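Engineer: show me how the following folds:
(one chain, ligands or ions: 1)
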Amino acid sequence: MTKSTTVLAIASDHGGFEMKEFIKKKLIDNGYIVKDFGTYSKESVDYPDVIHPLAKAINDGEYKMGIIMCGTGNGAQITANKYANVRAGLCWNEEQAMLIRLHNNANIISLPGRFLPLDQAWKIVEVFLSTNFEGGRHIQRVNKISKILK
Ligand code: RB5
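Structural biologist: Okay, the predicted model is just below:
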């Protein structure tokens, strides 16, 4: 992924806030441009309120890739996957991050803010951003995910 020309979308609730701030800084330090959809403090928020706007923007093609977090990563991922053009994968290791790109052409990665060390989360994000979709037999599988919704 070309860093300076691709804007990455990022969002979390309070459960993922610390991780979001850490990952955002890492992305910027590594030359990426970041659109932060919030939340902007540790104050409690409902994860759908911050995840829906990011997921809709990815769904509408405004951003190509997104990174989302909540305490477990589940609420964020479940919310994001309501959109037909979103493929959000929950990951807690680098191999999963590689496989959601290779096999699922995931455009959003969801991370468990309360269950991963920050450095590990960054390694996972790096794999997600640097792995391309494998295509081949996975194309028709991915196309079938949202077929009846379109
Ligand atoms: C917030 O306490 C927590 O429920 C949320 O971050 C997330 O884990 C939900 O799936």
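Engineer: and the chain, which residues reach the ligand?
Structural biologist: Within the chain, the residues that sit near the ligand (Cβ under 6 Å from any ligand atom) are 13, 15, 47, 70-72, 74-75. C-beta coordinates here come from the backbone N, C-alpha and C atoms, glycine included.
Engineer: okay, and which of the residues you listed map to strands?
Structural biologist: Using DSSP state E, the members of these that fall within strands are Cys70.
Engineer: buried subset of the residues of the chain next to the ligand, written for PyMOL?
Structural biologist: Filtering the residues of the chain next to the ligand down to the buried ones (16 or more other Cβ atoms under 10 Å) takes a single PyMOL command:
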select buried, resi 13+15+47+70+71+72+75
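Engineer: out of the residues of the chain next to the ligand, what pair is the most spread apart?
Structural biologist: Within those, Asp13 and Asn74 form the most distant pair, 11.5 Å apart (Cβ to Cβ).
Engineer: next one: the nearest residue to Asn104 once chain neighbours are set aside relative to Phe115, how far apart?
Structural biologist: Here the nearest residue to Asn104 in space, its sequence neighbours aside, is Arg87; by Cβ to Cβ, 6 or more residues apart in numbering that works out to 5.5 Å. Distance from Arg87 to Phe115, counting by Cβ to Cβ, to the nearest Å: 22 Å.
Engineer: what's in contact with stretch 38-56?
Structural biologist: Stretch 38-56 is touched from outside by 9-15, 17-18, 20, 37, 63, 66, 68, 70, 75-76, 79-80, 82-83, 86, 88, 108, with contacts defined as Cβ atoms under 8 Å, 6 or more residues apart in numbering.
Engineer: buried stuff in that stretch?
Structural biologist: Buried residues in stretch 38-56, counted by 16+ other Cβ under 10 Å: 38-39, 45, 47-48, 50-52, 54-56.
Engineer: repeat that for stretch 57-68.
Structural biologist: Burial within stretch 57-68, assessed by neighbour count using 16+ other Cβ under 10 Å, is assigned to 57-59, 63, 65-68.
Engineer: for that stretch, what is the average pLDDT?
Structural biologist: Averaging pLDDT along stretch 57-68 gives 98.
Engineer: do the same with stretch 30-47
Structural biologist: Per-residue pLDDT values over stretch 30-47 give a mean of 97.
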